[in-house]
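[1] Take this sequence and fold it.
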Amino acid sequence: MPGGRLTQQERQQIALGLADGLAYAEIARRLDRPTSTVTREVMRNGGPTAYRADLAHRATERRTRRRGQTAPRGQAAAPQPHGRDPEAVRAYEEVFTAVQMASGMPRMMARVMAGLTLTDSGSLTAAELAQHLEVSPASVSKAIAFLDSQGLVRRERDERRRERYVVDDDIWYQAMMASARSTAQLVETAREGVGVLGPGTPAAARLENIARFLDFVSESIARAAEQAREILHAKPEAAPDGE
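    Numbering: from 1, shown residues only. Okay, here's the model as predicted:
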């Protein structure tokens with residue numbers, strides 16, 4: 001039943017698939033589920049290395065009970081523009097968050113990044129983010145400080161002098177260039193080690209190979225980012241209704 005909740009047996013199959021090193025897409029195919037369902041399930045419950053079916057099942061039951069206790073009766077999900085399905089958008093936001101966490105981003109930072117990225121305006125105030133994510137303003141502030149330090153968001157003032165947090169068209173280009181610079185620093189450090197350990201020794205040879213590999217990767221990232229930068233500025237075609 002692709003549209004229903006995961007059963008305990010399905011969670012056990014997910015755990016077995018992870019233990020066998022299967023990709024999320026393959027596990028999802030065997031369960032006849034969307035890949036996004038499996039990705040979200042794993043990332044919400046410890047990630048691929050710590051996922052346990054029994055713990056995941058109990059955690060889901062607790063979340064379900066908690067939602068039933070706290071949500072006012074009859075309260076619907078917030079309406080979405082452009083006729084979007086609110087539940088589908090919320091589920092996708094969880095997947096987007098989980099994938100960022102898999103790349104190493106802390107959970108709250110990933111949630112804030114997803115919340116900003118999935119708005120049409122690409123910007124929200126601290127109060128809007130706190131309300132959307134149902135967290136404290138302090139949690140939002142801490143997450144924004146981290147994302148700002150990584151060059152992933154910027155701050156600006158709107159006409160009411162409120163601070164807004166923005167993800168603009170160039171954010172991902174800047175992130176890729178920052179990654180290339182960080183990799184280039186690893187290259188320099190590895191090559192310093194060659195001199196320390198003595199050229200021609202096994203350890204030095206290993207460091208030299210690491211440096212050559214990372215140097216190639218760093219240059220490739222920077223070159224590809226420059227070549228593809230204009231893609232980030234492409235404008236969407238107008239919807240049929242003119243929106």
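
[2] SS state for the residue nearest to the spatial centre of the chain?
    For the chain, the residue nearest the mean C-alpha position is residue 100 (1.9 Å; Cα atoms, centre = their mean). With DSSP: H, G, I helix; E, B strand; the rest coil as the basis, residue 100 sits in helix.

[3] ok, now how distant is it from residue 134?
    Remark: distance between residue 100 and residue 134 (Cβ to Cβ, to the nearest Å) = 19 Å. Yep, even glycine has a C-beta here, placed from its N, CA and C like the rest.

[4] sorry, back to before: in contact with the residue nearest to the centre of the chain, which residues are there?
    Neighbour list for residue 100: 109-110, 113-114 [criterion: Cβ atoms under 8 Å, 6 or more residues apart in numbering].

[5] Tell me the spacing between the residue of the chain positioned farthest from its centre and residue 214.
    Using Cα atoms, centre = their mean, the residue of the chain lying farthest from its centre is residue 200. It sits 42.0 Å away. The gap separating residue 200 from residue 214 is 21 Å, by Cβ to Cβ.

[6] thought residue 93 was touching residue 119?
    No - in this structure, residue 93 is not within contact of residue 119 by Cβ atoms under 8 Å, at 10.4 Å.

[7] And those two? Which one has more around it.
    Neighbours per residue (other Cβ atoms under 10 Å) separate residue 93 from residue 119, with residue 93 holding more: 18 against 15.

[8] give the contact list for the more buried one.
    Counted by Cβ under 8 Å, 6+ apart, residue 93 has contacts 114-115, 118.

[9] How is the chain partitioned into domains?
    Annotated domains of the chain cover 8-58, 93-166, 171-233 [automatic domain parsing].

[10] Quick check: chain neighbours aside, which residue is closest to residue 219?
    Distance criterion Cβ to Cβ, 6 or more residues apart in numbering; nearest residue to residue 219, sequence neighbours excluded, is residue 180 at 7.7 Å.

[11] My read is that that neighbour contacts residue 225, right?
    Yes - assessed by Cβ under 8 Å, residue 180 is found in contact with residue 225 at 7.1 Å.

[12] Look up the residues that both of these two are in contact with.
    Contacts common to residue 180 and residue 225, judged by Cβ under 8 Å, 6+ apart, are absent.

[13] What helix or strand is the residue nearest to residue 219 located in?
    helix 171-197 (DSSP states H and E).

[14] now that helix, how far from the centre of its chain.
    23 Å (Cα atoms, centre = their mean, to the nearest Å).

[15] Listing request: residues of the chain with sub-threshold pLDDT.
    1-3, 63-78, 237-243 (pLDDT under 70).

[16] all helices of it, in order?
    Using DSSP state H, the helices assigned to the chain run over residues 8-19, 24-31, 35-43, 53-70, 86-102, 107-117, 126-133, 137-149, 171-197, 202-228.

[17] Format these as CSV; extra columns: distance to residue 155.
    Conversion of those to CSV gives the following (distance: least, Cβ to Cβ, whole Å):
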stretch, distance to residue 155
helix 8-19, 39
helix 24-31, 35
helix 35-43, 28
helix 53-70, 32
helix 86-102, 20
helix 107-117, 12
helix 126-133, 10
helix 137-149, 7
helix 171-197, 13
helix 202-228, 24
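
[18] No more questions from me, cheers.
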